[in-house]
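Engineer: Prediction below, plus the sequence it came from.
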Amino acid sequence: MSNPIIIYTDGSSRGNPGPGGYGVVLISGPYRKELSKGFKLTTNNRMELLGVIVALEELKHPSSNVSVYTDSKYVVDAVEKGWVFGWEKKAFKDKKNPDLWMRFLSIYRNHRVKFHWVKGHATNLENNRCDKLATDAAQSKDLFNDTGYIENN
């Protein structure tokens, strides 16, 4: 049986909308990987969700046991309270970020994922690391277009 996978994520937006980024720390046994990326124009919620998506897409083995730690109530509540599944049944009508939620559900269903909310900007070292990765990505010179945000707004 493989090690459980622990994922920490955070999203950042300098203005909402504004330049933004995500930061991710993946941990499995002795292995650790950090990811981040910045975008020219996006929102905080998009970056929070995109961080989770990118982390799950990095996983190499289907049906992995995954614990996701994030300070995003938007993401945690949408999944843990089942809201996103209702949104999906209604084709995400009048919901923000349908492109990302559909992408999320596609990868989420490949694993056994449990979400855990952590207080942001507090004592959680890995969440603080993700915050730095996300902020640095949002402030970098090499920013990408968040095409989903541009197309839906």
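Structural biologist: Yep, it's here. Residues are numbered from 1 along each chain as shown.

Engineer: For residue 103, give its distance to residue 126.
Structural biologist: To residue 126, residue 103 is 24 Å away according to Cβ to Cβ, to the nearest Å. Quick note: C-beta positions are derived from backbone N, CA and C, even for glycine.

Engineer: Poorly predicted segments of the chain, please.
Structural biologist: 1-2 (pLDDT under 70).

Engineer: quick one, helices of it?
Structural biologist: For the chain, the helices defined by DSSP state H cover 44-58, 73-80, 83-89, 98-108, 125-138, 147-152.

Engineer: Now do the buried residues in the first one.
Structural biologist: Along helix 44-58, these residues count as buried under the neighbour rule (16 or more other Cβ atoms under 10 Å): 44-56.

Engineer: Kindly reformat those as TSV and extend each row with distance to residue 3.
Structural biologist: Below are the buried residues of helix 44-58 laid out as TSV (distance: Cβ to Cβ, whole Å):
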residue	distance to residue 3
44	31
45	30
46	30
47	27
48	25
49	25
50	25
51	21
52	19
53	22
54	20
55	15
56	16
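
Engineer: and residue 131, how many neighbours?
Structural biologist: 19 (other Cβ atoms under 10 Å).

Engineer: can you pull the contacts of it?
Structural biologist: 10, 12, 23, 120, 121 (Cβ atoms under 8 Å, 6 or more residues apart in numbering).

Engineer: Tell me the one of those nearest residue 146?
Structural biologist: Nearest to residue 146 among the contacts of residue 131 is residue 12, at 12.9 Å by Cβ to Cβ.

Engineer: Now do the contacts for the closest residue to that closest one other than its chain neighbours.
Structural biologist: Among residues not flanking residue 12 along the chain, residue 134 sits closest, at 3.8 Å (Cβ to Cβ, 6 or more residues apart in numbering). When contacts are counted by Cβ under 8 Å, 6+ apart, residue 134 touches 10, 11, 12, 20, 21, 22, 23, 36, 47, 51.

Engineer: Please name the nearest non-neighbouring residue to the fifth one.
Structural biologist: Take residue 21 and drop its neighbours on the chain: the residue closest to it by Cβ to Cβ, 6+ apart is residue 137, 2.9 Å away.
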